[in-house]
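Trainee: I would like to see how this sequence folds:
(chains A and B)
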Amino acid sequence: MEKLNNQDFLSAVQAAFGADVLAHEEAFGMLNIELSPTRIHEAIQWLQQHQDLSVNYLTNIAGVHYPEAVGREFAVVYQLHSWKHNLRLRIKGHLPKDKLHIATITDLFAGANWMERETYDFFGIIFDGHPDLRRILNMDDMDYFPMRKEYVLEDATREDKDDRFFGRNNNEL
Amino acid sequence: MSQEIKEILQAADPANVATINFGPTHPSTHGIFQNILKVDGEKIISSEQTVGYIHRAFEKLAERRPYNQITPITDRLNYCSSPINNIGWEMTVEKLIGVEIPKRVQYMRVIMMELARIADHLICNSVIGVDAGALTSFFYPFSEREKIYELYEEISGARLTTNMGRIGGFERDFTPVFHQKLQSFLKTFPKAFEEFDSMLARNRIFMDRTKGAGPISAERALSYSFSGPNLRAAGVDYDVRVMSPYSSYEDFDFTIPVGVNGDTYDRFMVRQEEIRQSIRIIEQAYKNLPEGDYKADLPDFYLPPKEDVYNNMEALIYHFKIVMGETELPVGEVYHAVEGGNGELGFYLISDGGRTPYRLQFRRPCFIYYQAYPEMIKGLPISDAVLTLSSINVIAGELDA
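Mentor: Reported below is the predicted structural model:
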């Protein structure tokens, strides 16, 4: 059996999802594909059920907060693995901060349940259709989402750890 | 209980359903996590889990720490096999900065990681024995684990939370005492292990207790993103060491044991066989241990020797830069996975070039497969739920991060 590579996967996804493939790159050998968030559920289902690609394993789901990217502040990253071709890929969807909704994939992978709950718990991203979207690691009465970048750890007056001296600017958050 | 009281109780709850707490600090949960069980007599109807009792915000902490200071955080994930976590994290950073690691370091890492796997599996399997009522087989392997901890001590100075190795290699080479202790371990361990194995593996009572306890099918296990021994016990031969070899695992000859039913007995047997395979890997790696340096040539990350820092300007500059985290880092996203004690332990690292990760996510196998627990224990007696919990080897540190 011929093993497909990143380029084959990318071409297949581009052929199927056309203009909804917003960006793509190969980072450290792993294919990253950014899709319109509204079509991510459909794309993962398509990848899972595809005869040749057969992306059968959900590795993890991660949330990321990019406060400086206006209109696309939050990212949901799905890392998937096709065992048939031993190929890992990332599907990303960017969401604006005032509309943090994305469709759940718990109907495709049972294991997505807690991964999505964790992402909700830390970033406040709402997975529509999730059977039980509650906080999981933090307390139920917590009133903020702690992994967002505006909640800075440690004493902000400590000069020796000030990020401004290391090429980052967190002051405008 | 008198017949009269019994009748009153039954009348109060017509469905005969009782709600009981299994945890948070039940002796057989091996950590702090709660299960609220609904039971009909002995039979579990449903259960609801609460996790997060020891959540320590590792991912948030990691965003404020330079890369070398994150290694001690990883110790506290699966603390039964910290070296695998440490080395997995170091390899993630090495992948980001794109450094060539000497063959000797890779083999040394394989030896340490396989020792950690043995320690992890030994504890898990002997604890399954305890939960089935066999206490002797729990105390017996502890002297063997002690020998592994002494080996950790020789290479890292610590026993449990090892903070082993550095980005680029090890902090020191194998010492003469290490060589001597490893050789004697390789000689004595297999015999002691087979004695441990003979206490449980074909023990009628143990088999009757564990067969059929907490089964899961291969399809469900895959859907739940299981990995490691729990997935292999269900009959799927997925192992990161073979699927995406790291640290020269492709050089070694070993087999991946698989089970059939995915129940407690199969999980036990898979772990037992993995211990034997780990010994095989260590023997191969030790026999063919290449000559060379115990660290890569990586002055930007690897601290110079202390005497140089005091006497040499160059070394002092590097020391300062590493401690203050002023090293240039590439921008990018890396995912690196290792086969941890419990399965695919992954590090998803996003670097923006700053001295700390922009985002670091740990793929913690425990957290991912523990969600299948209610499904696995449904319809079983409470005693089987206890066995199932210990045999899936949920480690609270890794579960809650």
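
Trainee: now whichever residue of the stretch 151-300 of chain B sits closest to chain A, nearest residue through space, not along the chain?
Mentor: Residue of the stretch 151-300 of chain B nearest chain A, by C-beta to the nearest C-beta: B:Ser225 (3.5 Å). Placement of C-beta: from N, CA and C, glycine included. The shortest distance from B:Ser225 to any non-neighbouring residue, by C-beta to C-beta, 6 or more residues apart in numbering or on different chains, is to A:Gly111 (3.5 Å).

Trainee: again with A:Arg39
Mentor: Per C-beta to C-beta, 6+ apart, closest to A:Arg39 is A:Asp20, 4.8 Å.

Trainee: again with B:Glu339
Mentor: Leaving aside its sequence neighbours, B:Glu339 sits nearest to B:Val240 (C-beta to C-beta, 6+ apart; 4.1 Å).

Trainee: same check, this time on B:Gly259
Mentor: In space, and not counting its chain neighbours, B:Gly259 is closest to B:Asp266: 2.9 Å by C-beta to C-beta, 6+ apart.

Trainee: And B:Gly31, by the same measure?
Mentor: Spatially, and ignoring its direct neighbours in sequence, B:Gly31 is nearest to B:Ala396 (3.0 Å; C-beta to C-beta, 6+ apart).

Trainee: how many neighbours does A:Tyr5 have?
Mentor: Just so we're on the same page, residue A:5 is Asn rather than Tyr. A:Asn5 has 11 neighbours, counted by other C-beta atoms under 10 Å in any protein chain shown.

Trainee: thinking again about what came up before, ok, the residue nearest to B:Gly259 - how many residues close by?
Mentor: Neighbourhood size, B:Asp266 [other C-beta under 10 Å]: 25.

Trainee: Ok, B:Leu298 next?
Mentor: When neighbours are counted by other C-beta under 10 Å, B:Leu298 registers 16.

Trainee: Do you know the pLDDT at it?
Mentor: Note on B:Leu298: pLDDT of 87.

Trainee: again with B:Ile205
Mentor: With respect to pLDDT, B:Ile205 scores 91.

Trainee: That one is in contact with B:Ala132, isn't it?
Mentor: Yes - using C-beta atoms under 8 Å, B:Ile205 is in contact with B:Ala132, at 7.4 Å.

Trainee: Could you check which of the two has the larger neighbour count?
Mentor: Remark: of B:Ile205 and B:Ala132, B:Ala132 carries more neighbours, 24 against 11, as counted by other C-beta under 10 Å.

Trainee: dump the residue contacts of the more buried one.
Mentor: B:205-206, B:209-210, B:387 (C-beta atoms under 8 Å, 6 or more residues apart in numbering or on different chains).

Trainee: hmm, 7 Å instead?
Mentor: Neighbouring residues of B:Ala132 by C-beta atoms under 7 Å, 6 or more residues apart in numbering or on different chains: B:206, B:209-210, B:387.

Trainee: Go ahead and confirm A:Glu118 touches A:Arg135.
Mentor: No - applying C-beta atoms under 7 Å as the test, A:Glu118 and A:Arg135 come out as separate, 9.1 Å apart.

Trainee: Of those two, which one has the most company?
Mentor: More neighbours surround A:Glu118 than the other of A:Glu118 and A:Arg135, with 26 against 16 (other C-beta under 10 Å).

Trainee: sec struct for that one, please.
Mentor: State at A:Glu118, reduced to three classes by DSSP: H, G, I helix; E, B strand; the rest coil: helix.

Trainee: With A:Phe127 instead?
Mentor: Applying three-state DSSP: A:Phe127 is strand.

Trainee: circling back to that earlier point, check what contacts the one helix or strand the residue nearest to B:Gly259 maps to and list those residues.
Mentor: In the assignment (DSSP states H and E), B:Asp266 maps to helix B:264-287. Helix B:264-287 has contacts (C-beta under 7 Å, 6+ apart) with B:107, B:110-111, B:114-115, B:117-118, B:121-122, B:124-125, B:128, B:182, B:186, B:189-190, B:193, B:197, B:201, B:207, B:210-211, B:213-214, B:229-230, B:232-233, B:252-255, B:257-260, B:387-388, B:391-392.

Trainee: Can you flag the buried ones in the residues you listed?
Mentor: By neighbour count, with 16 or more other C-beta atoms under 10 Å in any protein chain shown, the contacts of helix B:264-287 hold B:107, B:110-111, B:114-115, B:117-118, B:121-122, B:124-125, B:128, B:182, B:189, B:193, B:197, B:210, B:213-214, B:229-230, B:232-233, B:252, B:254, B:257-259, B:387-388, B:391-392 as buried.
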